[in-house]
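Engineer: test case, fold it:
(2 chains)
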Amino acid sequence: MAEELRPNQILLRIPGRLEWLDLVDRTAGGIASQLDFSQEDADGVANSVLEAGTNAIQHGHRYNPDLPVDILFEIYPDRLRVRVHDEGPGFDAEKVLRADPTDPQCLLAQRGRGIFIMRSLMDEVCFEIGEHSGCTAILTKYRRPGSAVEDAG
Amino acid sequence: MKASTHTEGDVVVISLSGQLMGGPDAEAVRQLVRENLDAGRKKLVIDIGDVSWVNSTGLGILIASHVTISNAGGALKLSRVSHRISQIFMVTKLHTVFETHPTVDEAVASFGG
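Structural biologist: Prediction:
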């Protein structure tokens, strides 16, 4: 994903196995706390990055452990941006973004909440889906006023 | 994820710990629920106080348990739902699906003996 990391970037590359998601969770939560996000927002960041990582392993790589998932944390003065990249073919974003898992008729569905959770808990969520370059979920959370931490970059 | 069960009267308490994230977890919970229903035990509590996080696939496990137990004429209640997991329940509106209790004892008592 990133050939040369900048000082404001932290890259975590994990094998494509669900059991590595706990490291992703602890890293995301730790970075959010380091940036003085509230506990609520830090939980939201961690929950969202987990969903992106889950999607990458389950849907992007179809549980192929040989395909790594890259999680790139980018720290800016006003926000934390997280890019979760897999080598999969991507998905029909329009269809997924139209779905509302909180619709009473969908409440008992066992799947289909991951992207909705990300969009609910992050300030911005978008996806880069390339024909041959995989799929990247880009999640952004802005720092609230008062969360003053020296920028890493 | 680790799972253990014990009974309190006619209520089965399934205690989960670790992370609830699908894969083998789904089969483990499904089997525990099925075994108890097959044995005629239809009042179940799933205690998730020691679960550090749940992803959307893990939510699917809880929903599947709820549906299976309800369809069998039973009831599922959750206990010790962390603030973090409550956040997920709220945004997905699953707080309207799951009956939750602050402690295992209160969840057990809610069945009314």
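Engineer: from now on I want contacts and neighbour counts done on CA atoms only, so please keep to that.
Structural biologist: OK.
Engineer: okay, now the sheet partners of the helix or strand hosting A:K141, with direction.
Structural biologist: Assigned by DSSP states H and E, A:K141 belongs to strand A:134-142. Using DSSP bridges, the strands paired with strand A:134-142 are strand A:79-86 (antiparallel), strand A:124-130 (antiparallel).
Engineer: so how far is that strand off the chain centroid?
Structural biologist: When distances are taken as Cα atoms, centre = their mean, to the nearest Å, strand A:134-142 is centred 6 Å away from the chain's centroid.
Engineer: repeat for stretch A:120-133
Structural biologist: 9 Å.
Engineer: that stretch spans what distance, first to last residue?
Structural biologist: End-to-end span of stretch A:120-133 (Cα to Cα, to the nearest Å): 27 Å.
Engineer: contacting residues around the residue in chain A that chain B sits nearest to?
Structural biologist: Of all residues in chain A, A:Q110 sits closest to chain B, at 4.1 Å by Cα to the nearest Cα. By Cα atoms under 8 Å, 6 or more residues apart in numbering or on different chains, the residues touching A:Q110 are B:57, B:59-61, B:63-64.
Engineer: ok, now how distant is it from A:V84?
Structural biologist: Distance, A:Q110 to A:V84, using Cα to Cα: 23 Å.
Engineer: picking up where we left off before, let me know which of the strands paired with strand A:134-142 is tucked in deepest.
Structural biologist: strand A:79-86 (a mean of 24; mean count of other Cα atoms under 10 Å in any protein chain shown).
Engineer: now the closest residue to A:W20 other than its chain neighbours. Its backbone dihedrals?
Structural biologist: Using Cα to Cα, 6 or more residues apart in numbering or on different chains and skipping residues adjacent in sequence, the residue nearest A:W20 is A:I14, 6.5 Å away. Main-chain torsions, A:I14, degrees, to the nearest 10: phi -120, psi 150.
Engineer: bridging residues for the most centrally placed residue in chain B?
Structural biologist: Computing the C-alpha centroid of chain B and ranking residues by Cα atoms, centre = their mean puts B:I46 first, at 2.9 Å. Note on B:I46: beta-bridge partners B:I14, B:L78, judged by DSSP bridges.
Engineer: and it, what pLDDT?
Structural biologist: Turning to B:I46, the model gives it a pLDDT of 98.
Engineer: ok so, going back, make a markdown table from the strands paired with strand A:134-142 and add mean pLDDT and distance to B:L78 to it.
Structural biologist: Formatted as a markdown table, those follow (pLDDT from 0 to 100; distance: least, Cα to Cα, whole Å):
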| stretch | mean pLDDT | distance to B:L78 |
| --- | --- | --- |
| strand A:79-86 | 97 | 32 |
| strand A:124-130 | 93 | 31 |
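Engineer: can I assume A:S48 is in contact with A:I117?
Structural biologist: Yes: with contacts counted by Cα atoms under 8 Å, A:S48 reaches A:I117, the gap being 6.5 Å.
Engineer: quick check: angle from the helix or strand harbouring A:S33 to strand A:79-86?
Structural biologist: Under the criterion of DSSP H and E, A:S33 resides in helix A:21-34. Put simply, helix A:21-34 runs at 170 degrees to strand A:79-86, going by axes from the mean of the first three to the mean of the last three Cα atoms, to 10 degrees.
Engineer: so after helix A:21-34, what's the next helix or strand?
Structural biologist: Sequence-wise, the next helix or strand downstream of helix A:21-34 (DSSP H and E) is helix A:39-55.
Engineer: the helix or strand just after that following helix pairs with which strands?
Structural biologist: For helix A:39-55, the following helix or strand on the C-terminal side (DSSP H and E) is strand A:69-75. Pairing partners of strand A:69-75, with direction, according to DSSP bridges: strand A:9-14 (antiparallel), strand A:79-86 (antiparallel).
Engineer: okay, these in a markdown table with distance to B:E27 next?
Structural biologist: Shown next, in a markdown table, are the strands paired with strand A:69-75 (distance: least, Cα to Cα, whole Å):
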| stretch | distance to B:E27 |
| --- | --- |
| strand A:9-14 | 24 |
| strand A:79-86 | 26 |
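Engineer: and B:F89, which of the ones you listed is closest to it?
Structural biologist: Closest to B:F89 of those, according to Cα to Cα: strand A:79-86, at 23.1 Å.
Engineer: that's all I had, so thanks and see you.
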